[in-house]
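Q: Fold the stuff below for me.
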Amino acid sequence: MTNMRYEAALNVANTGSFKEAALVMGYTQAGVSYLINALEKELDCTLFVRDYGGAHLTAEGKQLLPWIQDISNAERRLAARLSEVKQLESGSVHVATFTSTAIQWLPGIAKTFSAKYPGVELHITLDDDQEELEEMIWRGDADCGFVVSPLTHKLHAIHLRSDPLLVAVALDHPLADAESFPLKNMAEEPYIRLKSGVFSEIDSYFKRVGVTPHMRFNIDSDYAVMSMVSKGLGYSVLPGLIVRDTPFPLAVLPPEKPVERRVGIALRSMDAASSATRAFLEVAQAWIEQAYGKDS
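A: Predicted structure coming up:
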């Protein structure tokens, strides 16, 4: 049911490349070019300027892209509704997530969901910027997504788990075996800041406890942060989900003043949610409770 010309336009706009869009769609580059040419002929306007090695939207393309996205979303929702007639024998669910939930939760949830509903396609988008992630859910680009409270949009959120923020240090750090990491050390020792996903939560924590960290590095990769911490280049404050089962040799301990974040799953409206989306929510909640037990 999906209009592949619209899908091609969205993928070229997102990737900035006919070649990359073809890889995403499983098409040849010539196939994507044909779809775009057909859409431009249908609309009687040029959507993309073809540059060597890339493509970018024309002024008309920029104006029409949100409409194309809305039509694509509406078609996907219609397909999801039709699949309900077949009792979830087909259909799709698009889930937005951030790194720590993608690593620790989604593999188990996806395996359970796919085993229970083998005919339902599961699509996953990773985005560590929660504002962008919420926008995806609000616009309908994603049916649901993992989020951290509080939310900026008026979405329907379901609490899943409280996740502590923890201090990570090298194994040979003098406080590696301590019961907690003192605020004094947070202010004095070199700090390696994770510049993605949860950085605003951690920055807010520092403000609440009156600490101005001595920032040494500002990095947008959690694996790079953990690698540097393991080499003794400084400490970092990271969510428990990120440091759980870490491949790097680290000591992890709570800060002197404990803090946690509330992780949940959100959607725009429970009333408008497809049966496939509702089924995914049920599987996610059951999996989390089985893996961790009940949470307050």
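Q: Name the residues of the longest helix that the chain contains that are buried.
A: Counting by DSSP state H, the longest helix found in the chain is helix 59-85. Within helix 59-85, the residues scored as buried using 16 or more other CB atoms under 10 Å are 61, 64-65, 68-69, 72-73, 76-77, 79-80, 83. Every C-beta, even on glycine, is put in place using the N, C-alpha and C of the backbone.
Q: quick one: Val252 and Leu241 touch, right?
A: No. In this structure Val252 lies outside contact range of Leu241 using CB atoms under 8 Å: 11.8 Å.
Q: Pick out whichever of these two has more residues nearby.
A: Per other CB atoms under 10 Å, whichever of Val252 and Leu241 has more neighbours is Leu241, with 22 against 18.
Q: Return the residues in contact with the more buried one.
A: Contacts here follow CB atoms under 8 Å, 6 or more residues apart in numbering; on that basis Leu241 touches 100-101, 103-105, 163, 263.
Q: Which helix or which strand is home to it?
A: helix 240-243 (DSSP states H and E).
Q: got it, and Lys111?
A: Here Lys111 is assigned to helix 106-116, by DSSP H and E.
Q: do Gly264 as well
A: Going by DSSP H and E, Gly264 is in strand 260-267.
Q: what angle separates whichever helix or strand comes after that strand from helix 106-116?
A: The C-terminal neighbour of strand 260-267 among helices and strands, as given by DSSP H and E, is helix 275-292. For helix 275-292 against helix 106-116, the angle by axes from the mean of the first three to the mean of the last three CA atoms, to 10 degrees is 130 degrees.
Q: buried set for helix 275-292?
A: Result for helix 275-292 [16+ other CB under 10 Å]: buried residues 275-281, 283-285, 287-288.
Q: cool, stretch 251-261 as well?
A: Those would be 251-256, 259, 261, for stretch 251-261 by 16+ other CB under 10 Å.
Q: end-to-end on it?
A: End-to-end distance for stretch 251-261: 20 Å, by CA to CA, to the nearest Å.
Q: which stretches of this protein form helices?
A: For the chain, the helices defined by DSSP H occupy 4-15, 18-25, 29-43, 59-85, 99-104, 106-116, 130-139, 183-188, 199-209, 222-230, 240-243, 275-292.
Q: Identify the residues contacting the last one?
A: Spelled out, it's helix 275-292. So helix 275-292 is in contact with 80, 83-84, 88, 91-93, 95, 105, 108-109, 112-113, 116-117, 120, 122, 143-144, 158, 160-161, 265, 267, 270, 273, 295, going by CB under 8 Å, 6+ apart.
Q: Recalculate using a threshold of 7 Å.
A: Residues outside helix 275-292 that contact it (CB atoms under 7 Å, 6 or more residues apart in numbering): 80, 83-84, 88, 91-93, 95, 105, 108-109, 112-113, 116-117, 120, 143-144, 158, 160-161, 265, 267.
Q: and the residue nearest to Glu60 when sequence neighbours are not counted, how many residues sit next to it?
A: Sequence neighbours aside, Cys45 is the residue nearest to Glu60 in space, at 4.7 Å (criterion: CB to CB, 6 or more residues apart in numbering). Residues near Cys45, counting by other CB under 10 Å, number 14.
Q: hang on, the earlier thing: which of the residues in the helix holding Leu241 are buried?
A: Using 16+ other CB under 10 Å as the test for burial, helix 240-243 gives 240-243.
Q: I'd like the mean pLDDT over it, please.
A: The average pLDDT within helix 240-243 is 90.
Q: same deal with stretch 264-277?
A: The predicted model gives stretch 264-277 an average pLDDT of 91.
Q: Quick one: end-to-end length of that stretch, please.
A: 15 Å.
Q: Now that stretch: buried residues?
A: 264-268, 273-277.
Q: Nearest to Glu134 among these?
A: Ala266 (7.4 Å; CB to CB).
Q: Quick one: residues contacting that closest one.
A: Residues near Ala266 by CB under 7 Å, 6+ apart: 137, 144-145, 147, 151, 155-157.
Q: Please identify which pair of those lies farthest apart.
A: Maximum pairwise distance among the contacts of Ala266 (CB to CB): 12.9 Å, between Cys144 and Leu151.
Q: So for those two, which residue has more residues nearby?
A: Neighbours were counted for Cys144 and for Leu151 using other CB under 10 Å; Cys144 has more, 27 against 17.
Q: Just the CA trace of the helix holding Leu241, in CSV.
A: Only the C-alpha atoms of helix 240-243 are listed here, as CSV (Å, rounded to 0.1, in the frame of the first residue of the first chain):
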residue,chain,number,x,y,z
GLY,A,240,22.9,2.7,34.7
LEU,A,241,21.6,1.2,31.5
ILE,A,242,24.7,2.4,29.6
VAL,A,243,27.3,1.0,32.1
